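Asker: Here is the input, now give the coordinates:
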Amino acid sequence: MLMPDNCPSVLLIYTGGTIGMIENPDTGALETFNFDQLLKHVPELKRFNYRISSYQFNPPIDSSDMEPSYWAKIVKIIHYNYDYFDGFVILHGTDTMAYTASALSFMLENLSKPVILTGAQLPIGTLRTDGKENLITSIEIAAAKHPDGTPIVPEVCIFFENELMRGNRTTKINAENFNAFRSFNYPALAKAGIHIRYNEHLIRQPDPTRPMKPHYLLDSNVVVLTLFPGIQESIVHSVLHVPGLKAVVLKTFGSGNAPQKPWLIQQLKEATGRGIVIINITQCQSGAVEMKRYETGLQLLQAGVVSGYDSTPECAVTKLMFLLGHGLSQDEIRHRMNSCLAGEITKEDEL
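Answerer: Coordinates of the predicted model:
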């Protein structure tokens, strides 16, 4: 079927994951299908008056194997095709989808087109799959425009189970149910029911005077250190002395509190003195770090630990990788971790 020249165009990028699986009728095993046959498995797409093209990772990547080099590959695909499509839909396994969405939000600077990540808890070839609805709605959102022709959602987002969420605010919360993702500290950008209702005042807008700038450099010398009652000095010392370590995401209690143990504060102070950037985020799913609220948080601040505000763990890790990859000084990284680069944090004066 011939499409008019002005019809919306969407590029599907299949990286791997459950959504792209079908069941072999002979063996019962799940196998990846070729996305050239997408219309065979999702005939509903024919009802879109869109030009839909696809790019498939070969071989597909299980999301547990996703890593920075693949994020750079996705950015390269989007950059290469940026002028040829109105929007992009990335099909991705759910386990690390929030990491990928967070990383892309920083790597696609001044993005002016939709990049929607989605997936499924059940393969698209199964009878009760959630994949079809997620895919169809993601494509519609990726193609959606204002009357003046500008995209409605020029952001990196995750769409799952009827909700469109900012990618760097999202975390996986369920391995069993269809509502696998949640954005605890930022409202949904849209909800899909009979209609797709956009919360346009919540959607970031690009600077129209600047082009989209792709970034490819990442440095993964980062570790996540989760505090718990009874944590031993030897453990903390070992983590903070890992060869090549450049940054730590410190998951603390409540609003950013840590045990009042002199050795812990000393270890953290010595680490920041060696040039290691330490970012404080809460272990709680919802809420933010307020390091000046209690003495236990104030001690961390005095030791050189930087507030991560209401960052998700996925966001804090990937933002550090992104900033470290650009060879910035410790002071500059600390400053930018305290700055909102892509809508990823809410500063204390905004709470």
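
Asker: Next up, identify which helix or strand residue 244 is on.
Answerer: Counting by DSSP states H and E, no helix or strand carries residue 244.

Asker: Can you tell me, leaving aside adjacent residues, what's nearest to it?
Answerer: Nearest residue to residue 244, sequence neighbours excluded (CB to CB, 6 or more residues apart in numbering): residue 221, at 5.0 Å. For glycine as for every other residue, the C-beta is placed from the backbone atoms N, C-alpha and C.

Asker: What distance do you get for residue 99 to residue 313?
Answerer: 9 Å (CB to CB, to the nearest Å).

Asker: Which of those two has more residues huddled nearby?
Answerer: Each of residue 99 and residue 313 has its neighbours counted (other CB atoms under 10 Å); residue 99 has more, 26 against 20.

Asker: Enumerate every residue touching that one.
Answerer: Each residue near residue 99 by CB atoms under 8 Å, 6 or more residues apart in numbering is listed here: 66, 314, 317, 318.

Asker: mind redoing it with 10 Å?
Answerer: 63, 66-68, 71, 92, 167-168, 171-172, 312-315, 317-318, 321 (CB atoms under 10 Å, 6 or more residues apart in numbering).

Asker: shouldn't residue 344 be in contact with residue 104?
Answerer: No - applying CB atoms under 10 Å, one finds residue 344 not in contact with residue 104, separated by 11.8 Å.

Asker: Give me the common contacts of the two.
Answerer: Common neighbours of residue 344 and residue 104 are listed as 167, 168, 318 (criterion: CB under 10 Å, 6+ apart).

Asker: picking up where we left off before, quick check: ChimeraX command selecting the buried ones in the contacts of residue 99.
Answerer: ChimeraX command restricting the contacts of residue 99 to the buried ones, with burial defined by 16 or more other CB atoms under 10 Å:
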select :63,66,68,71,92,167,168,171,172,312,313,314,315,317,318,321
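
Asker: Now intersect the contacts of residue 99 with the helices, please.
Answerer: Counting by DSSP state H, those place 68, 71, 313, 314, 315, 317, 318, 321 in helices.

Asker: What strand or helix carries the closest residue to the second one other than its chain neighbours?
Answerer: With sequence-adjacent residues excluded and distances taken as CB to CB, 6+ apart, residue 71 is closest to residue 103, at 4.6 Å. Secondary structure assigned from DSSP H and E places residue 103 in helix 97-107.

Asker: List the buried residues of that helix.
Answerer: 97, 98, 99, 100, 101, 102, 103, 104, 105, 106, 107.

Asker: With residue 347 as the reference, measure out to residue 139.
Answerer: Counting by CB to CB, the gap from residue 139 to residue 347 is 34 Å.

Asker: One more: residue 259?
Answerer: From residue 259 over to residue 347 (counting by CB to CB), the distance is 27 Å.

Asker: could you pull out the helices for the protein?
Answerer: Assigned by DSSP H, the helices in the chain fall at 38-41, 68-81, 97-107, 131-143, 233-240, 262-273, 295-302, 313-325, 330-337.

Asker: would you put the C-alpha positions of the second one in PDB?
Answerer: The C-alpha atoms that make up helix 68-81 are tabulated as PDB, following Å, rounded to 0.1, in the frame of the first residue of the first chain:
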ATOM      1  CA  PRO A  68      27.000   0.800  27.600                       C
ATOM      2  CA  SER A  69      28.300  -0.300  24.200                       C
ATOM      3  CA  TYR A  70      24.700  -1.200  23.100                       C
ATOM      4  CA  TRP A  71      23.400   2.100  24.400                       C
ATOM      5  CA  ALA A  72      26.000   3.800  22.100                       C
ATOM      6  CA  LYS A  73      24.800   1.600  19.200                       C
ATOM      7  CA  ILE A  74      21.100   2.600  19.800                       C
ATOM      8  CA  VAL A  75      22.200   6.300  19.800                       C
ATOM      9  CA  LYS A  76      24.100   5.800  16.600                       C
ATOM     10  CA  ILE A  77      21.000   4.200  14.900                       C
ATOM     11  CA  ILE A  78      18.800   7.100  16.100                       C
ATOM     12  CA  HIS A  79      21.300   9.700  15.000                       C
ATOM     13  CA  TYR A  80      21.800   8.100  11.500                       C
ATOM     14  CA  ASN A  81      18.000   7.900  11.000                       C
END
